[in-house]
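1. coordinates only, sequence not included:
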Ligand code: ADP
Ligand code: ZN
Ligand code: ZN
C-alpha cells in the first residue's frame, strides 16, 4: 500500500492520489499535507491502495501524514460520502466543510485542563433537579421514543409550550443512563441560550458540547474532538453539528424541524434535518423531529396511507402533544378585516385598543412586522425616481434611524439624498412600512409606553440581543415591535397580545412554500403570548379574512391547514409529491447565464429518464452584486430517478468549457425559488 486517495477542498468532483511509501489502512481518516500546484494543501485520506488510475510516474509524494490527530471514523467518512453523492458536491468540499476550520488545517487546539469526571454508573445528571410530572401525552411520547429499538423517525407535533423540550430532555436522560450520546439540533443557537441553560441545568454532571459557526476556532475544534472521543455526552448545535462524530450516538433530536435555517444556502447546500435522518438510519437509532408546524414533507411522511385526501407515506411515527403544559388555554386568535377600515399608520382600531388595554394593565404587547428598516423604498412621486440598488435588481430600504439607504440583499449602502437625484425635488417620500416606522408611530401614539424595537438592526450583535431580551424579561418594555427574530423559542411571561400586520403578501407570493412559512411564523409568533397565567390574544390584520390559512389559524388547526396545502401540492405536482433540483447560473450578462442553462438543458435531454426539465428563466432576484442570475428546474416523481440522473448530468456539465466569469451550482431539494 503506497498510494493514498486524498479528498481536497477543491471544486473538482474527484480525489487526488499521492505516493505515501509507509502508508497503511489505519491511515484512512487521517489528514495529510500534500504538494499541490506551487503550494501545499491539507486534506483527508479517504482511501489507501496499491494502484492509482493516474500514471504512477505522475504522482507526487505526500509531504506529511498527520498521525498525532485522531483518525476520522469510517462512519463519519460514510456520512460525508453520502452528502457528496446526494448533493453532488465534491467529497473534499464536504469533508472540509464538516470539519472545524482548525482541524481542517491540520492543527490541534491547546488542551484545556478539564475537571475530573466524577466516577459513578448511577448517573449524576438529573440528581437534585425537581422534575415536572409529565402529562399523559408527554409520557406516551417519552415511552415511544425510549422504547424505539433501531432506526425510526418520530414526529413530535405539539404547539409552542406543549412540553416538547421536556420530552427531549427525558429521552436524552434515558440515553445518558444507558451510556449513550445524544445530539440535539436547533435552528439558531445564538438565539437560544435559554435552551443551552436549560439543558445544562437538567444535566449538571454531564459533559455538554455546543457547536455553531459563531464559536471561536479552538472551541469548535475542542468540541469536535470531545464528541469524537466520546467524552461529550450531549452535543447541542445548529445545522453543522449534524457532522459531529459521536461513537456512542443513540438519539438525534431536531427541534423546529420545519425551520428553513436547517438548509444551507451556499457551498454544501445540505439539509441538516435530512442528513440527520440519513445518519440515524446509518447508525440504526431513533430520530425525533419536533415542531408546532411540521414541514409539509415531514407531515406527509407521518400521515397514514389511508388518510383522507390521498394519504401519506406512513414512514414516520406521529406523536402528538395536543395541549399546552402550563398555560391552560391557547391564545385567542382574531382576524381583523382591514378592508372596511381606514388604518392609522397601518394599525387598526382593534389593535390600537388592544395595545392601550395592555398598557393600562401593565402587560406587554408585540407588534409583528417582518420587514426591517423605516420604509421599503424612498420615492420621488413627480418624476418617478425610486431608490434602487446599483448592484441588485432590488430597492434600497430607507433606514431613518441612521439616515441611510441600504440594500438588504448585498449590503450596499449610501446616505439619504436631500433631493431627488433625477429632478431635484426635495419632497422625497418613504413608501410602505418597516419596523422603524412602526416604532416611530407607536412612540407618538402611546407617549407613556416604553417601545422597544427588535430586529437585526437593533440586535446586531449577540450582546445587544441579550440586552434586549433582558429588558423584555425585566418588564422594562411595554410594546415590542419586532421581526421574526422574536418568534423563536422565547418565553415572555408578561406578553399577552400579539398583533400581526402586513402579513398578506405571502399569501400570493410566487414561491409555493410561502403560505407554509407564513402559517408557521404566525403560529410561532402567536405562541409567544399568554404562556404564563395570563391569557393571550393574537390579532391578525388582513384584507383576506376568509382565506383558509387564517381560518385554520383561528382554530389552531395545523392539520387542516397542512391537508389543504398538501391537496394543492398534489394537484400541482409540487414537493412532497415530486423531487426537485435547481441549477443556477450567474454571469455579468443575463444572456450568458441563460445560454449556459440552455446548453445544460440540451445536455440533460438524452440523460433524463423520468425527469422533467423546465425552461431556463431569470431568477426572481435577477441581479445580485452585479451578477445576472438564471435558474433551471429539474423535477421527478421519483427520488431514485432524480438521483440517478444528477451525477450523469453533473459529469456532462463539468466537461463543458465554461465561458470566463460564469459560475454555476446545483441545489438539490431547493427551498428557495
Ligand atoms: P415546547 O418545547 O413545546 O415549547 P417546553 O418543553 O418548553 O415546551 O414547555 C413549556 C413550559 O412548560 C416550560 O416552562 C416547561 O418547563 C413547562 N413544562 C413542560 N412540561 C411540563 C409538565 N409536564 N408539567 C409542568 N410544566 C411543564
Ligand atoms: Zn444590492
Ligand atoms: Zn424626481
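-> Thanks, I have the structure now. Values in this document were obtained by computation on a predicted structure and should not be read as measured data. Ligands and ions are numbered 1, 2, ... in the order given.
2. next, give phi and psi for the residue minimising distance to the centre of the chain.
-> Residue closest to the average C-alpha location in the chain (C-alpha atoms, centre = their mean): residue 261, at 0.9 Å. Backbone geometry at residue 261, expressed as degrees, to the nearest 10, gives phi -70, psi -10.
3. spit out the contact partners of it.
-> 187-188, 238-239 (C-beta atoms under 8 Å, 6 or more residues apart in numbering). C-beta here means a position set from N, CA and C on the backbone, and glycine is covered the same way.
4. dump those to CSV, plus neighbour count, secondary structure and distance to residue 121.
-> Below are the contacts of residue 261 laid out as CSV (neighbours: other C-beta atoms under 10 Å; DSSP: H, G, I helix; E, B strand; the rest coil; distance: C-beta to C-beta, whole Å):
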residue, neighbour count, secondary structure, distance to residue 121
187, 20, coil, 35
188, 16, coil, 36
238, 22, coil, 32
239, 26, helix, 34
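5. distance to residue 466 and pLDDT added to those residues, as TSV?
-> Shown next, in TSV, are those (distance: C-beta to C-beta, whole Å; pLDDT from 0 to 100):
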residue	distance to residue 466	pLDDT
187	18	90
188	14	80
238	18	94
239	22	96
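6. of all those residues, which two lie farthest apart?
-> 188 and 239 (9.6 Å; C-beta to C-beta).
7. and of the contacts of residue 261, the nearest to residue 265?
-> Of these, the one sitting nearest to residue 265 (C-beta to C-beta) turns out to be residue 239, at 10.9 Å.
8. so where's the stretch 101-250 of the chain shaky on pLDDT?
-> The stretch 101-250 of the chain contains residues with pLDDT under 70 at 112-120, 122-129, 190-192.
9. what's the answer for the chain, then?
-> For the chain (pLDDT under 70), the answer is 1, 112-120, 122-129, 190-192, 308-310, 327-328, 489, 531-532.
10. flag every residue of it that's near ligand 3.
-> The chain comes close to ligand 3 at residues 380, 383, 385, 420, 422-423, 425, as judged by C-beta under 5 Å from the ion.
11. for these, pick the one with the most neighbours.
-> Counting neighbours by other C-beta atoms under 10 Å, residue 380 leads these with 21 neighbours.
12. I'd like the distance between it and ligand 2.
-> From residue 380 across to ligand 2, the span is 20 Å (C-beta to the ion, to the nearest Å).
13. residue of the stretch 301-450 of the chain closest to ligand 1, please.
-> Among the residues of the stretch 301-450 of the chain, residue 325 lies closest to ligand 1, at 3.5 Å counting by C-beta to the nearest ligand atom.
14. okay, residue 105 and residue 181: tell me how far apart.
-> 26 Å (C-beta to C-beta, to the nearest Å).
15. those two: who's more crowded?
-> In terms of neighbours (other C-beta under 10 Å), residue 181 is the more surrounded of residue 105 and residue 181; the figures are 23 against 15.
16. so what's the more buried one up against?
-> Neighbours of residue 181 in contact, by C-beta under 8 Å, 6+ apart: 175, 227, 230, 232-235, 246-250.
17. which strand residues bridge it?
-> residue 249 (DSSP bridges).
18. quick one: contacts of stretch 135-154?
-> Here stretch 135-154 makes contact (C-beta under 8 Å, 6+ apart) with 134, 156, 158, 162-163, 166-167, 170-171, 174, 251, 277, 280-281, 283-289, 301, 315-323, 325.
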